[in-house]
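J.: Here is the input, now give the coordinates:
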Amino acid sequence: MSKLKALIPLLMAGCVVAWAQQKPAEDKTMSQAAMSGQELYQVYCAACHGTDAKGNGPAAAGMKAHMPDLTLLTRNSGGKFPLMKVEQAIQGDIVVVPHGTREMPVYAEMFREIKREETFVEQRVALLTRYIESLQQK
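T.: The predicted structure follows:
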């Protein structure tokens, strides 16, 4: 059972990638169309972090560590939103324990698969980061 729990995040990541590759071009998640930070979050993050960003997504139980409450990042960082840390986590520049190994999706890489233009990738990372910042509890 423990091995199965460890495989759940990998299976979910594979499903996300397979789904992304099979969706028609008009789907905003796989096109060059602009998406809001909230839309990006729902597509790429909510399965693990929960729709409310409190760490209670359906895949959270299969993660190696407890999923963090993303609404408390500012509070847990001395009152200042950890912008660079969040961007680095999304880009895959730092290893986030619940995400496991590098076999888990690095979203900047997924965005590059959609469009190999760094401005596009940076924009999506920034939109996602700013959306997470907007969820912070005071």
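J.: Now do the nearest residue to residue 72 once chain neighbours are set aside against residue 75, distance only.
T.: Excluding the flanking residues, the one nearest residue 72 by Cβ to Cβ, 6 or more residues apart in numbering is residue 137, at 6.2 Å. Backbone N, C-alpha and C define where each C-beta goes, glycine included. As defined by Cβ to Cβ, to the nearest Å, residue 137 lies at a distance of 6 Å from residue 75.
J.: mind listing what's buried in stretch 38-49?
T.: Burial within stretch 38-49, assessed by neighbour count using 16 or more other Cβ atoms under 10 Å, is assigned to 40, 41, 43, 44, 45, 46, 47, 48, 49.
J.: Correct me if wrong: the last one contacts residue 70.
T.: In other words, residue 49. Yes - with contact defined as Cβ atoms under 8 Å, residue 49 reaches residue 70; the gap is 5.6 Å.
J.: if I look at these two, which residues touch both of them?
T.: Shared contacts of residue 49 and residue 70, defined by Cβ atoms under 8 Å, 6 or more residues apart in numbering, are found at residue 55.
J.: Quick check: mean pLDDT of stretch 82-95?
T.: What stretch 82-95 shows for mean pLDDT is 85.
J.: Could you export that stretch as PDB, CA atoms only?
T.: Only the C-alpha atoms of stretch 82-95 are listed here, as PDB (Å, rounded to 0.1, in the frame of the first residue of the first chain):
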ATOM      1  CA  PRO A  82       8.200  34.900  -0.500                       C
ATOM      2  CA  LEU A  83       7.900  35.800  -4.200                       C
ATOM      3  CA  MET A  84      11.200  34.400  -5.300                       C
ATOM      4  CA  LYS A  85      10.800  31.200  -3.400                       C
ATOM      5  CA  VAL A  86       7.400  30.600  -4.900                       C
ATOM      6  CA  GLU A  87       8.600  31.400  -8.400                       C
ATOM      7  CA  GLN A  88      11.600  29.000  -7.900                       C
ATOM      8  CA  ALA A  89       9.300  26.200  -6.700                       C
ATOM      9  CA  ILE A  90       7.000  26.600  -9.800                       C
ATOM     10  CA  GLN A  91      10.100  26.700 -12.100                       C
ATOM     11  CA  GLY A  92      11.600  23.700 -10.500                       C
ATOM     12  CA  ASP A  93      14.700  25.600  -9.400                       C
ATOM     13  CA  ILE A  94      14.300  24.300  -5.900                       C
ATOM     14  CA  VAL A  95      13.100  20.900  -4.700                       C
END
